[in-house]
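> Provided below are the primary sequence and the corresponding predicted coordinates.
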Amino acid sequence: MATTKLTLSADKETIQLAKRIASESNISVSKLFKNLVTEIAKKKSKKDPLLEKLKSTEMPDWIQQLTLVDKPTPDFDHKAEYGKHLEEKYGA
């Protein structure tokens, strides 16, 4: 997705706070701003067309095509499956 430059004005303390939060989260202030706007949009409207466009551009199409289900199977035992994997890999 192409980006466009945006200039925002805020008081010094707010800017310092945004930079600190972004730094602690290992993201840029731009990414922090995008995350905040997206979260607010999710709360306001579940059917916002602009939000749907943002969701669809979060991951490349080829990754979205790999997604088979939205939620994991409730009775799937991840620990048991990982144990089987380790047994196959290293032998019992």
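Okay, I see it.
> Can you tell me the SS state at Lys84?
Here Lys84 is helix, with the state taken from DSSP: H, G, I helix; E, B strand; the rest coil.
> residues touching it, list them.
With contact set as C-beta atoms under 8 Å, 6 or more residues apart in numbering, Lys84 has no partners. C-beta: built from backbone N, CA, C; applies to glycine.
> Next one, pLDDT for it please.
Here, the pLDDT recorded for Lys84 equals 92.
> next one: Glu24
89.
> and if you look at the one 5 residues further on?
Val29 carries a pLDDT score of 91 in this model.
> ok, it touching Lys19?
Yes. Val29 lies in contact with Lys19 (C-beta atoms under 8 Å); the separation is 6.1 Å.
> Give me the neighbour count for Asp77.
A count of nearby residues for Asp77, using other C-beta atoms under 10 Å, gives 10.
> and the gap between it and Lys89?
From Asp77 over to Lys89 the distance is 18 Å, taken as C-beta to C-beta, to the nearest Å.
> and if you look at Pro72?
Going from Pro72 to Lys89 by C-beta to C-beta gives 22 Å.
> how about the helices in the chain?
Ranges of helices in the chain, per DSSP state H, are 12-24, 29-44, 49-58, 61-66, 78-90.
> Of all these, which one is nearest Thr4?
With C-beta to C-beta as the measure, helix 29-44 is the member of the helices of the chain nearest Thr4 (10.7 Å).
> Check which helices and strands that closest one sits against.
On a contact count with 3 or more C-beta pairs under 8 Å, 6 or more residues apart in numbering; DSSP states H and E, helix 29-44 meets helix 12-24, helix 49-58.
> ok, and for the first one, which residues are buried?
Of the residues in helix 12-24, those buried by neighbour count under the rule 16 or more other C-beta atoms under 10 Å are Ala18, Ala22.
> can I have stretch 9-22 written out in PDB, keeping just the CAs?
Written as PDB, here are the backbone C-alpha positions of stretch 9-22 (Å, rounded to 0.1, in the frame of the first residue of the first chain):
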ATOM      1  CA  SER A   9       0.200  19.000  15.600                       C
ATOM      2  CA  ALA A  10       0.300  18.200  19.300                       C
ATOM      3  CA  ASP A  11       1.800  19.500  22.500                       C
ATOM      4  CA  LYS A  12       5.300  18.500  23.400                       C
ATOM      5  CA  GLU A  13       4.200  16.100  26.200                       C
ATOM      6  CA  THR A  14       1.900  14.200  23.800                       C
ATOM      7  CA  ILE A  15       4.600  13.900  21.200                       C
ATOM      8  CA  GLN A  16       7.000  12.600  23.800                       C
ATOM      9  CA  LEU A  17       4.400  10.100  25.100                       C
ATOM     10  CA  ALA A  18       3.700   8.900  21.500                       C
ATOM     11  CA  LYS A  19       7.400   8.400  20.800                       C
ATOM     12  CA  ARG A  20       7.900   6.500  24.100                       C
ATOM     13  CA  ILE A  21       4.900   4.200  23.500                       C
ATOM     14  CA  ALA A  22       6.000   3.500  20.000                       C
END
